[in-house]
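A.B. asks: Attaching a predicted model along with its sequence, questions to come.
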Amino acid sequence: MIIVTKPGIQEAELDHIRERVESLGLRTHVSRGEQRTIVGCIGDEERLQELPLLSMAGVEQVLPVLKPYKLAAREFSAGPTLVRVGGAEIGGSELAVIAGPCSVEGREMLRETAFAVQDAGARLLRGGAFKPRTSPYSFRGLGEQALELLAEVRRESGLPVVTEVMDTRQVDIVAQYADMLQIGARNMQNFALLSEVGRLHRPVLLKRGMSATVLDLLLAAEYIMAQGNMNVVLCERGIRTFETATRNTFDLAAIPVLKRETHLPVIADPSHAGGRRELVAPLAYAAVAAGADGLMVEVHPNPEQALSDGDQSLSLAEFESMMRVVGELAGVVGRRLPATAAVAA
Ligand code: PEP
Ligand code: MN
């Protein structure tokens, strides 16, 4: 249930509404927009029948949320959610580009990539420390050593870092270093892991599962939010279909559908969607045109030598030229890249 309050509601009136709702055993969540404040009620809605909500001072409207997800539902928030990660923001008018290698392979490659992507307009650095690999014999990441390198390069560049956490047992160690925790496609329905990252208030990048529907993705976000962590960013990264010409099938329509359904920011990962370097830029352009709040792109100083996902990794120069076009397209759809970027010069 959502309680829409009157413009200019007093704090005491708001507190009173919350107290009455909470006295019935429900939880409340307040969302303050420019015009309105909304009180979301979570719990057994039947019990709210006992309360004459409309007669309370400051209440304008009471609406049921008919969707299976509540906290993630667009109606639940007075406006789009802005997720702050270090100095970066995801979900605002500036496109948030997360770039970096698939896996952290060493200090030099990470530093070189970080400074290059930063100059090209990226606001966050990615890099896998614990890698989910289809084969157990593939390179599975440098683990804690990679986390230390990410923290070191963050200190030098100022870029906040995003890295994947694969297991509930890794959450504490990854959270010691990362500014944003990534839940990968293979773990999108690992409900124990979702709840665990929900208990921390660290921002979460939640990637769509390979065979997950949009509804599954929103309900996975709900798991995190139900633990009190509202800082969730959704990522379309392609789904598995009968098509084999691309690594996955990029579900472009999911971007505007998600933007319609939820207040959470939505970004796209054209690298894992396409699986090949020449597909990354066109898919990135399409995502920006479709309304994505940002991109996640794999970049490597020497893709031919990459220990994971070399085929889909852009070189530093390729990333830079892609970002020039992203900057132009951003302008067409009313967005922009950070002003400090070399592309803006
Ligand atoms: C990744 O971003 O490195 C990754 C493994 O992606 P996904 O979980 O989308 O396959
Ligand atoms: Mn990868």
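C.D. replies: Perfect, I can see it now. Ligands and ions are numbered 1, 2, ... in the order given.

A.B. asks: Could you use CA atoms for every contact and neighbour count after this?
C.D. replies: OK.

A.B. asks: bridging residues for the residue at minimal distance from the centre of the chain?
C.D. replies: Nearest residue to the geometric centre of the chain (C-alpha atoms, centre = their mean): residue 233, 2.0 Å. Counting by DSSP bridges, residue 233 forms beta bridges with residue 205.

A.B. asks: That one is in contact with residue 204, isn't it?
C.D. replies: Yes: assessed by C-alpha atoms under 8 Å, residue 233 is found in contact with residue 204 at 6.2 Å.

A.B. asks: Buried ones in the helix or strand where residue 257 lies, by neighbour count?
C.D. replies: In this structure, residue 257 sits in helix 254-261 according to DSSP states H and E. For helix 254-261, burial by neighbour count (16 or more other C-alpha atoms under 10 Å) applies to 254-255, 258-259, 261.

A.B. asks: Give me the contacts around it.
C.D. replies: For helix 254-261, contacts defined as C-alpha atoms under 8 Å, 6 or more residues apart in numbering pick out 73-74, 214, 236, 265-268, 287, 290-292.

A.B. asks: go again using 6 Å as the cut-off
C.D. replies: Contacts of helix 254-261 with the rest of the structure, by C-alpha atoms under 6 Å, 6 or more residues apart in numbering, involve 73-74.

A.B. asks: just checking, what packs against the helix or strand following it?
C.D. replies: Next helix or strand after helix 254-261 toward the C-terminus (DSSP H and E): strand 266-268. Judged by 3 or more C-alpha pairs under 6 Å, 6 or more residues apart in numbering; DSSP states H and E, the packing partners of strand 266-268 are strand 232-236, strand 294-298.

A.B. asks: Residue 228 - how many residues pack around it?
C.D. replies: Neighbourhood size, residue 228 [other C-alpha atoms under 10 Å]: 17.

A.B. asks: So it, which state does it fall into?
C.D. replies: Put simply, residue 228 is coil when judged by DSSP: H, G, I helix; E, B strand; the rest coil.

A.B. asks: give the contact list for residue 27.
C.D. replies: 41-42.

A.B. asks: For beta bridges, what are the partners of it?
C.D. replies: Applying DSSP bridges to residue 27 yields these beta-bridge partners: residue 42.

A.B. asks: Restrict stretch 145-158 to CA atoms and write it as CSV.
C.D. replies: Only the C-alpha atoms of stretch 145-158 are listed here, as CSV (Å, rounded to 0.1, in the frame of the first residue of the first chain):
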residue,chain,number,x,y,z
GLN,A,145,45.1,-9.9,-4.3
ALA,A,146,42.9,-8.4,-7.0
LEU,A,147,40.8,-6.7,-4.4
GLU,A,148,43.9,-5.0,-3.1
LEU,A,149,44.9,-3.9,-6.5
LEU,A,150,41.5,-2.4,-7.1
ALA,A,151,41.7,-0.5,-3.9
GLU,A,152,45.2,0.7,-4.8
VAL,A,153,44.1,2.0,-8.2
ARG,A,154,41.1,3.6,-6.7
ARG,A,155,43.4,5.6,-4.4
GLU,A,156,45.5,6.7,-7.4
SER,A,157,42.6,7.5,-9.8
GLY,A,158,39.7,8.4,-7.5
